[in-house]
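>>> here's my sequence, what's the structure:
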Amino acid sequence: MTIPRCTWFEQTKQLRDFHDQEWGDPIDDADVLFEYVVLYTFQVGIGLRIVLPKRETMRELLAGFDPARLARFTPYQVDELLDDPRIIRNRRKLEAVVQNARAWLQLLAAEGGGAGLLRFFYGFVGGQSLDNQRLDTEAPPLHTPAAEALSKELKRRGFALLGPATCYGLMQAAGLVNDHAVECPRHGACAQ
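Sure thing, here's the model as predicted:
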């Protein structure tokens, strides 16, 4: 028997696995949240369907998604990555990931560590996950006022390629917003 899941995740095995195992789980680990920042930076304009199959290779090539190591990447290292067919070869996205790692470390320090950084992100949804009650036939919004505010603040703090739509996708993945359809078994699991 097939588990009913949110329709748009049916496209590929990687999307189904991401949906069934991660997407929408309220995040409590700043390292995982940074990984999502990297993945969502890469998905701009192409979608997760293209990014997720390259996730483990990206983890290998991008210093295990460690922001401290990524922040030290040089233009030469970015050039080397652009020659590697195993990664999404887009200079603007690779440079944004390095810039975002640097901005992440500054935000981490400003917020007093991982717990403070998580409070910062959750602050855009009132301190706790928002539980949207939508049917599978109702598409989630492309962005919300909360995503617009998060995007504006992240840009102010030096982040790149994190517009309102990308921030909303990040908020969905990180469980700041539960956008699983109410018919989906993951809706109830993520709401708890």
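
>>> which residue sits closest to the residue sitting nearest the centre point of the chain, ignoring its sequence neighbours?
The centre of the chain sits closest to Y36, judged by Cα atoms, centre = their mean, with a distance of 3.0 Å. Nearest non-adjacent residue to Y36, counting by Cβ to Cβ, 6 or more residues apart in numbering: A173, 5.1 Å away. Placement of C-beta: from N, CA and C, glycine included.

>>> before we move on, what about L62?
Nearest to L62 is L70, by Cβ to Cβ, 6+ apart, at 6.1 Å.

>>> just say helix, strand or coil for G127.
At G127 the chain is in coil, as set by DSSP: H, G, I helix; E, B strand; the rest coil.

>>> picking that back up, my read: the residue nearest to L62 touches L61, true?
No - the pair L70 and L61 does not pass the contact test of Cβ atoms under 8 Å, sitting 10.5 Å apart.

>>> compare those two (neighbour count), which wins?
For L70 versus L61, neighbours defined as other Cβ atoms under 10 Å are more numerous around L70 (22 against 16).

>>> quick check: that one vs L33, distance?
14 Å (Cβ to Cβ, to the nearest Å).

>>> still on that earlier bit, kindly state the pLDDT recorded for the residue nearest to Y36?
We note a pLDDT of 97 for A173 in this prediction.

>>> contacting residues for it?
Listed by Cβ atoms under 8 Å, 6 or more residues apart in numbering, the contact set of A173 reads 22-24, 36, 39-40.

>>> I'd like the distance between it and H19.
In this structure, A173 and H19 are 10 Å apart, going by Cβ to Cβ.

>>> repeat that for D136.
Counting by Cβ to Cβ, the gap from D136 to H19 is 12 Å.

>>> which neighbours do these two share?
In contact with both D136 and H19: C6, using Cβ under 8 Å, 6+ apart.

>>> name the residue in the two with the higher neighbour count.
H19 (20 against 16).

>>> which of the helices or strands spans the more buried one?
H19 belongs to helix 13-21 when assigned by DSSP states H and E.

>>> flag every buried residue along that helix.
Using 16 or more other Cβ atoms under 10 Å as the test for burial, helix 13-21 gives 14-16, 18-19.

>>> going by distance to L130, which of those residues wins?
Looking at the buried residues of helix 13-21 and their distance to L130, the nearest is H19, at 18.4 Å (Cβ to Cβ).

>>> which ones are touching T12?
Residues counted as contacts of T12 (Cβ under 8 Å, 6+ apart) are 49, 52-53.

>>> among those residues, which ones are in helices?
Judged by DSSP state H, helices contain the following of the contacts of T12: R49.

>>> what is the mean pLDDT for stretch 181-192?
The pLDDT scores in stretch 181-192 average 92.

>>> gap between the two ends of it?
15 Å (Cα to Cα, to the nearest Å).
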